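Student: Here is a sequence with its predicted model. Questions after.
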Amino acid sequence: MDHRHHQITLYSPQSDAVIEAIKRDGVCFSKPEYIKAKYGESAPLFLTAYQWFSEKATALVPKPQGAQFPYWAVADRAAVDATGGGTVLTLCVPAEQVICFDLYDWNKILQLRYLTDNPKEEKAFTADLAMRGLDCYKVMMSSFYPEEKQKILQSWERLFVHHNAILQGNTTGVGLVQAGLWCIRREWIVAGI
């Protein structure tokens with residue numbers, strides 16, 4: 001059996017508060033109030049995406065007790081957003097604790113867009129909405145369009161199509177590997193603390 005994939009090296013920029021919590025408790029969990037504090041007026045948008053992710057990703061990696069929302073990490077050190085501030089942690093995480101996906105797909109979800117790898121399909125969907133004076137954002141941020149919202153949410157499930165392949169080391173068709181972690185544990189930290 002190939003043991004290389006039992007641990008995955010990831011990079012995750014974290015605030016001093018997170019690092020302090022890890023030093024103190026040995027583990028840190030992300031909470032909805034952190035999202036609200038970080039994103040302010042944009043929080044409802046992020047919470048919509050994060051809540052969906054948290055609900056669906058738990059089927060791939062069950063949430064440990066105390067976990068609500070994921071922490072984000074990337075597989076490529078160069079992809080760490082330097083503008084975010086904080087300290088970049090180098091993590092060595094057991095593969096079974098990692099939810100893997102394409103960063104570009106996740107960015108579409110954060111924009112509340114329809115997720116497909118077929119541009120024609122996305123154009124057709126958005127054109128259909130536009131004819132009714134709608135766009136994906138309006139649909140997702142209101143409760144008036146349940147059918148359209150369901151189509152968008154179903155499209156988001158494509159986020160996880162690369163999960164197993166990435167864990168096997170196959171990143172064909174993936175722009176940049178991003179990972180979700182239900183917590184950050186002190187024993188995973190290789191550098192940065």
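Tutor: Yep, it's here. Everything numeric in this text was worked out from a predicted model, so none of it was measured.

Student: relative to its centroid, which residue of the protein is most remote?
Tutor: The C-alpha centroid of the chain is most remote from M131, which lies 31.2 Å away (C-alpha atoms, centre = their mean).

Student: And F46, how far from K108?
Tutor: 14 Å (C-beta to C-beta, to the nearest Å). Yep, even glycine has a C-beta here, placed from its N, CA and C like the rest.

Student: Pick out whichever of the two has more residues nearby.
Tutor: K108 (20 against 17; other C-beta atoms under 10 Å).

Student: is it true that that one touches T126?
Tutor: No. Taking contacts as C-beta atoms under 8 Å, K108 lies outside contact range of T126: 11.9 Å.

Student: hey, what's in contact with both of those two?
Tutor: Residues within reach of K108 and of T126 at once, by C-beta atoms under 8 Å, 6 or more residues apart in numbering, are Y114.

Student: Tell me where the model's unsure across this protein.
Tutor: Where the chain drops to pLDDT under 70, the residues are 1-5, 82-85.

Student: packing partners for the helix ranked longest in the chain?
Tutor: The longest helix of the chain (DSSP state H) is helix 43-57. For helix 43-57, the packing partners by 3 or more C-beta pairs under 8 Å, 6 or more residues apart in numbering; DSSP states H and E come out as helix 32-39, helix 103-110, helix 146-156.

Student: buried stuff in it?
Tutor: Neighbour counts over helix 43-57 (16 or more other C-beta atoms under 10 Å) mark 43, 45-50, 52-54, 57 as buried.

Student: Any chance of the backbone angles for P94?
Tutor: In terms of degrees, to the nearest 10, the main-chain angles of P94 are phi -60, psi 130.

Student: With the one 5 residues further on instead?
Tutor: Phi and psi for I99, reported as degrees, to the nearest 10, are phi -100, psi 120.

Student: check contacts around it.
Tutor: Contacts of I99 by C-beta under 8 Å, 6+ apart are 57, 60-61, 70, 160, 163, 179-181.

Student: circling back to that earlier point, could I get the helices and strands packed on helix 43-57 in JSON lines, plus columns for distance to D16?
Tutor: Shown next, in JSON lines, are the helices and strands packed on helix 43-57 (distance: least, C-beta to C-beta, whole Å):
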{"stretch": "helix 32-39", "distance to D16": "13"}
{"stretch": "helix 103-110", "distance to D16": "24"}
{"stretch": "helix 146-156", "distance to D16": "32"}
